[in-house]
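Participant: fold the stuff below for me.
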Amino acid sequence: MNRYSPDMITADGADWQVQDGEGPVIAAAIHSGHRIRDELKPWLAIPDKGRLREEDPLTDYFLTVADTSVRANVSRFECDLNRPRDICITRDPAKTWDLRIWQDDLPPEQMDKSREIHDRFYRAMRRLCDDRIAQYGRILLLDIHSYNFKRNGPDGEPAPADKNPDIDIGATTLNKEVYGDLLNDFAETLRSVPVNGGAPSVGINVRWEDGGNFPEWLHGIYGEKACIMTLEYKKIFMDEWSEEADIFALQHLRQGLLLAVEGARKAFEKMAGKQDR
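Facilitator: Sure thing, here's the model as predicted:
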């Protein structure tokens with residue numbers, strides 16, 4: 001039984017699932033889901049494959065590095081949990097990379113149902129983080145995403161490598177005075193584990209000016225009690241057009257993340273030791 005019910009449902013068909021463990025590390029894959037509720041499907045205006053390409057499939061593969069994991073089952077297009085409530089579902093293509101996701105006559109009451117999912121999720125995350133911080137003093141929250149780099153088609157020019165690292169760590173809310181060394185060590189550890197024979201490129205705050213609504217919301221509540229990193233993985237672990245996964249690349253990337261998390265745990269232990277003196 002999950003301690004956060006009824007808002008955090010873990011049954012089949014749930015909007016998200018939580019694997020509840022002991023420890024200060026939480027990993028979330030809030031764009032990993034693909035499910036659209038049946039009553040919404042008549043208004044879908046995009047093919048299934050086109051929608052999947054803009055979701056974050058396989059990011060849930062990395063969740064095992066954490067003590068507690070949060071996996072979204074609902075598609076970001078039914079309810080984007082990394083956006084403010086008012087635009088967690090939208091009919092405006094300008095807000096979805098010029099993709100027309102929904103028919104113009106998508107009923108307001110259907111949109112309201114998606115906003116209710118958003119409300120429940122944020123209530124549940126508040127309780128989860130409150131609980132962990134009460135137990136451990138601080139949390140490390142990894143907000144895990146992926147991104148396309150071959151938007152010009154399978155044979156088109158990929159996005160420039162200098163502006164699109166294999167892993168981009170979004171740390172815009174992170175207090176560098178408190179967590180700066182942890183952040184640098186985290187990035188260096190990710191670089192240290194080869195992916196299919198080569199060192200992955202790892203950037204910090206290269207692609208985005210902020211991490212989205214979820215980390216900004218967490219930071220606004222918890223401040224430096226929450227060390228939040230948004231991990232944006234370039235889809236070097238899969239072909240974003242054929243949808244074929246590279247299991248070895250996934251394993252290598254997860255191993256790097258596992259080692260980085262273990263280093264962060266040690267940093268947390270040192271911080272706790274200083275506070276106890």
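
Participant: residue closest to the middle of this protein?
Facilitator: The residue lying closest to the centre of the chain (CA atoms, centre = their mean) is residue 144, at 3.0 Å.

Participant: surely that residue meets residue 62?
Facilitator: Yes: between residue 144 and residue 62 there is a contact at 5.4 Å, judged by CB atoms under 8 Å. C-betas here are computed from N, CA, C, even on glycine.

Participant: common neighbours of those two, please.
Facilitator: Contact criterion CB atoms under 8 Å, 6 or more residues apart in numbering; residues shared by residue 144 and residue 62: 27, 29, 231, 233.

Participant: what about the residue nearest to the first one when sequence neighbours are not counted, how many neighbours?
Facilitator: Using CB to CB, 6 or more residues apart in numbering and skipping the chain neighbours, the partner closest in space to residue 27 is residue 66 (3.5 Å). For residue 66, the number of neighbouring residues by other CB atoms under 10 Å comes to 23.

Participant: same check, this time on residue 234
Facilitator: Counted with other CB under 10 Å, residue 234 comes out at 22.

Participant: same deal with residue 56?
Facilitator: Here the count is done by other CB under 10 Å, and residue 56 has 23 residues near it.

Participant: in contact with the residue nearest to it when sequence neighbours are not counted, which residues?
Facilitator: Closest residue to residue 56 apart from its sequence neighbours, by CB to CB, 6+ apart: residue 31 at 3.9 Å. Contacts for residue 31 (CB under 8 Å, 6+ apart) come out as 55-56, 59, 72, 76, 80-82, 145-146.

Participant: now, of the residues you listed, which are buried?
Facilitator: Buried members of these, scored by 16 or more other CB atoms under 10 Å, are 55-56, 59, 72, 76, 80-82, 145-146.
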